[in-house]
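**Q** generate coordinates for the sequence data below:
(2 chains)
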Amino acid sequence: MAAVPRNIEETLTLLRQGNYIADRSLATAVFLALKLKRPLFLEGEAGVGKTEIAKVLAATLGRTLVRLQCYEGLDVASAVYEWDYPRQMLEIRLAEAAHIESKDRIAADIFSERFLIKRPLLQALESEASGPKVLLIDELDRTDEPFEAFLLELLSDFQVTIPELGVIKAEQPPIVVITSNRTREIHDALKRRCFYYWVDYPSAERELEILRARLPAASLDLSREVVGFVQKLRGRDLFKLPGVAETIDWTDALVQLDQVTLTPDSIDHSLGALLKYQDDIARIRGSEAARILEEVRAEMAAARH
Amino acid sequence: MAQAKAASRLSENIMQFARALRAAGLPVGPGKAIDAIEAVKAIGIGDREDFYWTLHAVFVQRREQREIFDQAFHIFWRNPQFLQRMMSLMLPQFRGEEVDESHREISPRVAEALRGNQAGHEGEAREPEQEELEIDATLTFSSRELLQRMDFEKMSLAEIEAAKKAIAAMRLPVEDVATRRFKRDARGHRVDMRATLRAGLRDPSIIPLQFKSRRRRRPPMVVLCDISGSMSRYSRLALHFIHALTTDRDRVHSFLFGTRLTNITRHLRHRDVDVALDRISDHVPDWSGGTRIGHCLEEFNRRWSRRVLGQGALVLLITDGLDREGAIGLEEEIERLHKSCRRLIWLNPLLRYEAYRPQAQGAKAMIKHVDDFRPIHNLQSMRDLAAALGELGSRGQESRSKVAA
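**A** Numbering: from 1, shown residues only, chains lettered A, B, ... in the order given. Next comes the predicted model:
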């Protein structure tokens, strides 16, 4: 379990401990978010490792990860809190049986914390012995504007208002990571409170490093070829470009198929792990894949000399 | 002492940099500059690259802003004075859209609209499509492409009134969809436990049941409108319609296409219809030229569909289905479009006679993949348009079965 990093260097090391190879620019944003206790807002294509950052931070810092997966129509009852109605009903019956007549007393009783079901956002406000939790608000772009507006209060003051109970405030603000695939624009008011970072596809060297760290079982040659191939694909006109997650999945699939280097055949058989649209697969499979592979090989050979 | 002086000097520079960014069109408020100073203190000054990414994390809020930030950073932190001079040169390019807010021949109505809107406008006018628009503008395309500006007649007040009425009366096939949120509703079918318990406390002898029902909401709408030569006589009406639609509902995105695709959502946000149309006219390069429906739909599918069709959108396709390219690739693209939206409505204003059958290659390819087909035989007014869209039960079923036979 590591301490909270004191500078960018330590942030890089921390992420690396969790097998996350980050650019220095990303580490800067992460460090600022940790140091100044503001949310980190990560945007980028699917599969570039946005969600992973929260997981790695939680694992390396030894904190609890609270995850809120967003979807359209996400409401307070499933994101923040809800009252435990059956138990409240029971309590009222018990009060009746005990001939407690005071309405105020019953009210104070059934609307107390005992009957509160805490959902992710409320859970995240509670500190533990190990320190504040890591709150991951995943794919915020999937939810709608009313929920975004609700988040404003939570993220600026780290507090939630429950009408029957009052204001619940975090003693120590949680580490907040928000991700978005940018299927719609998040309102500036929310972004303003965060440190923003656009997570891009990694460079070839970076991607090779990531692959080596995540899949040591793959041979160096295979990893090199895979990275070369994927980098070339990202320059093509595809409906969905493969992200780092797909690179890792694909390599894993190739390792499971006992491949030590790429061959046109093995590419054709496993392309489904890399490309997720039939049009894209049809466009690349066969001669196109073989041609890209040849290019990659030629470049690798040239680099050796 | 010297250190404190250096620190205050740096703060001053950061403040100035923030001002420069604001002038360059980034939404940088005074609070941001203070945040930046705080962030720089947290990082400590040393490495230029760290300094860059620290300021980046504070000032940049959207992907498109990275380029502006990058340029400004490199110019400013080499020589702050130099920037002042540069600013005047770069200004038009940076600010893109917002600069021309003030010029233009302004009618009293427009001036009023501008005055009323200016304050809230600046922020929302910035839309993600900026980069694409600019790239598009530098493209040169086929010889067939006819680039020209469109002049619209000014809308009369009566027309605007009529439009408003027509839109208000319009009912689309998918008018609203259930959301996962609830509202209190005495005639609802679900018990609202929270409200019930609270009501019960007022009088513990009896607990009156409270009810709720699902909140309903209009789905987002995407309008794709053909502005090629064969459609030119309808484009004014269509645009007027789209503008009225945009001001009437939230979550409307609109695109025009002829030989290329242009996102006009941002321009339509302008409340005044004449100004909005004028701006569109300036930004759409392919009025009344050829049509490449397949190509434009492909571009839409690849670039925009994931961003605007996200939440079960209703797509309104306004075109005559006459494709100049022998309908190459059209069928695949319309099929994909159909599969990625809640409902696809094709509005075809070409047809002036009742006996119309989709015969053109493009039309044949499209008719198989639309949920609703609405031919309009006599499109003279907004009322016809809204009425055709609002008709219950579509004529599409009929036409489609005939095509199949």
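**Q** switch to C-alpha atoms for all contacts and neighbour counts from now on
**A** OK.
**Q** quick one: the strands in the chain?
**A** Because you didn't say which chain, this covers chain A. Assigned by DSSP state E, the strands in chain A fall at A:40-44, A:65-69, A:81-83, A:116-118, A:134-138, A:159-162, A:166-169, A:175-180, A:195-199.
**Q** I was thinking of chain B, sorry if that wasn't clear
**A** Ranges of strands within chain B are B:177-184, B:190-191, B:211-217, B:221-226, B:252-257, B:261-263, B:314-318, B:343-348, B:372-375, based on DSSP E.
**Q** neighbouring contacts of the third one?
**A** In this case it means strand B:211-217. B:176-192 (CA atoms under 8 Å, 6 or more residues apart in numbering or on different chains).
**Q** what mean pLDDT does it get?
**A** Per-residue pLDDT values over strand B:211-217 give a mean of 88.
**Q** partners of that strand, with directions?
**A** Under the criterion DSSP bridges, strand B:211-217 sits next to strand B:177-184 (antiparallel), strand B:190-191 (antiparallel) in its sheet.
**Q** export those strands to JSON lines and append columns for distance to residue A:249 and mean pLDDT.
**A** What follows is the strands paired with strand B:211-217, written out as JSON lines (distance: least, CA to CA, whole Å; pLDDT from 0 to 100):
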{"stretch": "strand B:177-184", "distance to residue A:249": "34", "mean pLDDT": "83"}
{"stretch": "strand B:190-191", "distance to residue A:249": "45", "mean pLDDT": "90"}
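**Q** lowest average confidence across helices and strands of chain A, where is it?
**A** Sorting the helices and strands of chain A by mean pLDDT, DSSP states H and E puts helix A:103-110 at the bottom, at a mean of 80.
**Q** number of residues surrounding the residue in the stretch 101-250 of chain A that chain B sits nearest to?
**A** Residue nearest to chain B within the stretch 101-250 of chain A (CA to the nearest CA): residue A:183, separated by 4.1 Å. Neighbour count of residue A:183, defined by other CA atoms under 10 Å in any protein chain shown: 19.
**Q** now swap in residue A:58 and tell me
**A** Residues near residue A:58, counting by other CA under 10 Å, number 21.
**Q** likewise for residue A:51?
**A** 20.
**Q** before we move on, what about residue A:99?
**A** Applying other CA under 10 Å, we find 9 residues neighbouring residue A:99.
**Q** and if you look at residue B:278?
**A** Residues near residue B:278, counting by other CA under 10 Å: 17.
**Q** what's the answer for residue A:116, then?
**A** Residue A:116: 16 surrounding residues under other CA under 10 Å.
**Q** which of the contacts of strand B:211-217 count as buried?
**A** Neighbour-count burial (16 or more other CA atoms under 10 Å in any protein chain shown) is assigned, among the contacts of strand B:211-217, to B:181-182, B:184-185, B:190-192.
**Q** quick one: the residue located most distally from the centre of chain A from chain B, how far?
**A** In chain A, the greatest distance from the average C-alpha position (CA atoms, centre = their mean) is reached by residue A:99, at 51.8 Å. Residue A:99 sits 11 Å away from chain B, going by CA to the nearest CA, to the nearest Å.
**Q** so what does that residue look like in phi/psi?
**A** phi 60, psi 40 (degrees, to the nearest 10).
**Q** how much space between it and residue A:85?
**A** 21 Å (CA to CA, to the nearest Å).
**Q** ok, residue B:207 next?
**A** Residue B:207 is 13 Å from residue A:85, by CA to CA.
**Q** more neighbours: these two, which one.
**A** More neighbours surround residue A:85 than the other of residue B:207 and residue A:85, with 17 against 14 (other CA under 10 Å).
**Q** tell me the domain ranges of chain B?
**A** B:2-95, B:157-171+B:219-404, B:179-217 (automatic domain parsing).
**Q** got the contact list for the longest helix along chain A?
**A** The longest helix of chain A (DSSP state H) is helix A:287-304. Defining contact as CA under 8 Å, 6+ apart, one finds that helix A:287-304 is touched by A:225, A:228-229, A:232, A:262-264, A:267-268.
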